[in-house]
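Chemist: Model the following, please.
(2 chains)
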Amino acid sequence: QKEVEQDPGPLSVPEGAIVSLNCTYSNSAFQYFMWYRQYSRKGPELLMYTYSSGNKEDGRFTAQVDKSSKYISLFIRDSQPSDSATYLCATIANAGGTSYGKLTFGQGTILTVHP
Amino acid sequence: DTGVSQDPRHKITKRGQNVTFRCDPISEHNRLYWYRQTLGQGPEFLTYFQNEAQLEKSRLLSDRFSAERPKGSFSTLEIQRTEQGDSAMYLCASSDRQALTYEQYFGPGTRLTVT
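Modeler: Sure, this is the predicted structure:
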């Protein structure tokens, strides 16, 4: 079993829809949670970053972390065709020690927003 | 542009040949990571440098793989005796150890095809 599980989709929604993307993880040591967006044949781009449980909002994007259930979510409001990409959740274990900040990624969810 | 750059962007090689990739991180970042991403999967950690010291290597990094970061600036990843299973996108990322967060910034990747 992978340490971070993510439904690969694909997910297709109409423009303006609310999109919900989710991941689960198994390692309790994970403390930092990120969402990356990756366009086709490009490197991942950092979207959101949260520490521990709670919500974080940035424009149309909201990230949620529930450490009690080991569940990570990203919500996209008023989705746009330009949001069409692969969305990757990622985690980091303890900040210090031997984690060195290496990221553990989910499989990625392919999202298409059609006009 | 002061982002992470990688060269080449694409490499096609025949099985058994050696290849070398280069990564230039963001200039003030002392942490450098290599990841490998296969089709339909999230990136997987390969190795980590802090300045010129290689502090961690994944078990994915077989003895055919070697990475260096002389003088703590650019990094190279060499694959010897390439195999078809090495075909993947090789991603480099950098981060600033002094930053309060552990945000990693990715380059565009080098896509390797082994024929």
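Chemist: C-alpha from now on. contacts and neighbour counts both.
Modeler: Fine.
Chemist: From what I see, A:K42 and B:G109 are in contact.
Modeler: Yes - taking CA atoms under 8 Å as the definition, A:K42 is a contact partner of B:G109 at 6.8 Å.
Chemist: In terms of neighbours, single out the busier of these two.
Modeler: B:G109 (30 against 17; other CA atoms under 10 Å in any protein chain shown).
Chemist: quick one, phi psi at that one?
Modeler: phi 90, psi 160 (degrees, to the nearest 10).
Chemist: Need the nearest residue in space to it, chain neighbours excluded.
Modeler: B:L91 (4.4 Å; CA to CA, 6 or more residues apart in numbering or on different chains).
Chemist: Surely that neighbour is within a helix?
Modeler: No - going by DSSP: H, G, I helix; E, B strand; the rest coil, the assignment for B:L91 is strand, not a helix.
Chemist: and it, what is it in contact with?
Modeler: Residues near B:L91 by CA atoms under 8 Å, 6 or more residues apart in numbering or on different chains: A:43, B:34-37, B:43, B:106-110.
Chemist: Is the residue nearest in space to the middle of chain B in a helix, a strand, or coil?
Modeler: In chain B, the C-alpha nearest the mean C-alpha coordinate belongs to B:W34, at 3.3 Å (CA atoms, centre = their mean). In three-state terms, and counting by three-state DSSP, B:W34 is strand.
Chemist: What's the separation between the nearest residue to it once chain neighbours are set aside and B:T76?
Modeler: Computed as CA to CA, 6+ apart, the closest residue to B:W34 that is not its neighbour in sequence is B:C92, at 4.6 Å. Going from B:C92 to B:T76 by CA to CA, to the nearest Å gives 10 Å.
Chemist: Overlap in contacts, those two.
Modeler: B:C23.
Chemist: Which of those two has more residues huddled nearby?
Modeler: B:C92 (33 against 18).
Chemist: ok so, going back, who wins for neighbours among the contacts of B:L91?
Modeler: B:G109 (30 neighbours).
Chemist: Pretty sure that one sits against B:R9.
Modeler: Yes - shown here, B:G109 and B:R9 form a contact pair, counting by CA under 8 Å, at 6.3 Å.
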